[in-house]
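>>> just coords:
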């Protein structure tokens, strides 16, 4: 059985998932293809997740009705920083490393939810293209990049492991 989640527009950005109202169903138009997955071929986006949205982490329920594809690894052009309860991904062409994460196929409604959860409108994160090494996909993969200054944050390694 598929579970549906929504984000209340009045919740502050990055609210712990246990405090969010996840009971209201997400309205969906019937998909002409992808029967049983809620996925519409015309509105799918590949998303690389690297922190609290990964399977088993606190915000994973926001991806529960989307399609997990596989474990993934970026090209060595990125860095993770520790914001406390969640990580910050930034571009770093000088000392960047490969970041471990997951690749998901997300439909248009799921993308709206993720944009809200990640604080895109509040300019906490921006959804932009990312380069993966594994799986080798030349274009079309996006990730959420942290926009505030990270100079005072501790730098992490290649993988977010903190369960919050």
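Alright, I've got the coordinates. Owing to the predicted nature of the structure, the values given are computational and were not obtained by experimental measurement.
>>> Is residue 126 bridged to anything, and to what?
Counting by DSSP bridges, residue 126 is bridged to residue 145.
>>> Surely it and residue 145 touch.
Yes - using CB atoms under 8 Å, residue 126 is in contact with residue 145, at 5.3 Å. C-beta here means a position set from N, CA and C on the backbone, and glycine is covered the same way.
>>> what sits in contact with each of these two?
The contact sets of residue 126 and residue 145 do not overlap (CB atoms under 8 Å, 6 or more residues apart in numbering).
>>> Run through who's touching stretch 140-157.
With CB under 8 Å, 6+ apart as the criterion, stretch 140-157 contacts 45-50, 74, 79-83, 87-91, 97, 101, 103, 114, 118, 120, 123-132.
>>> Identify each buried residue in it, please.
Using 16 or more other CB atoms under 10 Å as the test for burial, stretch 140-157 gives 141-146, 150, 153, 156.
>>> what distance separates the start and the end of it?
One end of stretch 140-157 sits 25 Å from the other (CA to CA, to the nearest Å).
>>> Stretch 145-154 too?
Note: stretch 145-154 ends 16 Å apart using CA to CA.
>>> same thing with stretch 53-63?
Stretch 53-63 end-to-end distance (CA to CA) = 7 Å.
>>> Make sure residue 89 is actually in contact with residue 80.
Yes - between residue 89 and residue 80 there is a contact at 5.9 Å, judged by CB under 8 Å.
>>> Need the residues touching each of the two.
50-51, 99.
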